[in-house]
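Q: This is a predicted model, with the sequence first.
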Amino acid sequence: MKVRRIIGILKDKAAECRAMIRSSSPIHATIVRATSHRETPTQEKHVEAIISACSTSRIRVSPCVAQLKRRLRKTRNWAVALKSLILVHRLLREGDFIVQDQLSVDTFTKGRSYLNLAAFKDKSTALTWHLSCWVRCYARYIDEWLCTCRALGEFLDGRSGDRTTSGLVNAELVRELSALGDLLAATCECLQGAPRDGQRSSPLVLEALRLVLVDTWQLREEVLVRLQDIRERISGLRPEEAAEYLRAVEKLGAEEEAFGTLMTESPHPASLAAWEFAHVTERLRNCLVSVKESLKAASGFKSLIVWKPPEKFIEQKRVCRTLSAPESLPNSKRFASSERDSVLPLVLL
């Protein structure tokens, strides 16, 4: 392990020297320091310097994003990859719109996978192999976060203020609700796959989990806004529209139940922060139950179609039963089925 740490320090020094030679701006060397091989959280001053530098102009932001992408692509060390992902996550949440746009539009690869870390693995030891598995899981979560932001048309950074969805048509609102459900499922996967036991004391993993939990709070607020809008639309929905809403709400309710179970039963230290979101959890669950019941009623799940025969048919059956089963006949000779009752008067004639 000591040899591995020494090699990591030498690699960081070499990368820092190359960044200082290739660019006159000190921000590139700061990015190298923020994503070093040391298995400790990045110093806050480095993160603040990068966020400040990425809030000026596109001319300065684009090289910073390129440097961060290069650092993330070339590394085979779990600590460097996780620090880079945490930096990307914080830039998306706390950075200016320019860097958000660069990170989301200037994708790492074409398609749904923005970060393209599906093949990442650190083969140094069994511990690093296990940690690299969770690095890939965390990258998938950020990919899903970006996809959800694209579906919603805004970034879930908590800075958008009060937003209404009354101007959306029903199909768009269902699509947004489904996207939020997918993000909640990715959150459950990320929390469930977090390293535990001997690896759970890693401060880098705890830092990443803290960012995921903060995103969850904003995610639930967005879900509440859309559920309240659905509640206002229920009276004017057609049965097929209510059924579409019901499928999306039931999927979201299942993911919310899985998330609550995970936060309650998980022994991970990050689950201790669940009490901070208790009021949001109670509001969301109550809203999910009420909206689900209203949608079931609107879509026809509670309305049973009972066939009532006409009065003329009932009177004919009564007459046939009287003629076919007199009191003098024994019970064994009476006809019990309705078909025989209807045929017997013709036979007697």
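A: Received it, and whenever you're ready, just let me know what you need.

Q: Figure out the helix or strand that residue 61 lives in.
A: Using DSSP states H and E, residue 61 maps to helix 58-74.

Q: Where do the helices of the stretch 51-200 of the chain begin and end?
A: 58-74, 78-94, 97-105, 126-152, 170-192 (DSSP state H, counting those that start in this stretch).

Q: Residue 104 contacts residue 147, doesn't it?
A: No - Residue 104 is beyond contact range of residue 147, at 9.7 Å (criterion: C-beta atoms under 8 Å). (Glycine included, C-beta is placed from N, CA and C.)

Q: Residue 259 is in contact with residue 192, correct?
A: No - the pair residue 192 / residue 259 is not scored as a contact, 9.7 Å apart, by C-beta under 8 Å.

Q: More neighbours: which of those two?
A: Each of residue 192 and residue 259 has its neighbours counted (other C-beta atoms under 10 Å); residue 259 has more, 23 against 13.

Q: Can you say which helix or strand has that one in it?
A: In this assignment (DSSP H and E), residue 259 forms part of helix 239-265.

Q: buried sites along the following helix or strand past that helix?
A: Next helix or strand after helix 239-265 toward the C-terminus (DSSP H and E): helix 278-299. Of all the residues in helix 278-299, those buried under the rule 16 or more other C-beta atoms under 10 Å are 280-281, 284, 287-288, 291-292, 294-296, 298-299.

Q: will you turn those residues into a markdown table that also has pLDDT and distance to residue 100?
A: Shown next, in a markdown table, are the buried residues of helix 278-299 (pLDDT from 0 to 100; distance: C-beta to C-beta, whole Å):
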| residue | pLDDT | distance to residue 100 |
| --- | --- | --- |
| 280 | 69 | 24 |
| 281 | 76 | 28 |
| 284 | 86 | 26 |
| 287 | 90 | 29 |
| 288 | 90 | 30 |
| 291 | 90 | 31 |
| 292 | 90 | 34 |
| 294 | 89 | 36 |
| 295 | 89 | 35 |
| 296 | 88 | 39 |
| 298 | 85 | 38 |
| 299 | 80 | 38 |
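
Q: And those residues, which is closest to residue 180?
A: Relative to residue 180, the closest of these is residue 284; by C-beta to C-beta it sits at 11.2 Å.

Q: What is the neighbour count of the residue nearest to the closest one when sequence neighbours are not counted?
A: In this structure, residue 284 finds its nearest non-sequential neighbour in residue 220, 5.3 Å apart by C-beta to C-beta, 6 or more residues apart in numbering. Using other C-beta under 10 Å, residue 220 has 19 neighbouring residues.

Q: same question, the one 3 residues further on
A: Other residues within reach of residue 223, judged by other C-beta under 10 Å, total 24.

Q: Could you list the low-confidence segments of the stretch 1-150 of the chain?
A: Applying pLDDT under 70 to the stretch 1-150 of the chain flags residues 1, 24, 106-114.

Q: list the residues that contact both of residue 192 and residue 259?
A: Common neighbours of residue 192 and residue 259, counting by C-beta atoms under 8 Å, 6 or more residues apart in numbering, are absent.

Q: hang on, the earlier thing: right, so of the helices of the stretch 51-200 of the chain, which gets closest to residue 12?
A: Among those, the nearest to residue 12 by C-beta to C-beta is helix 78-94 (8.8 Å).
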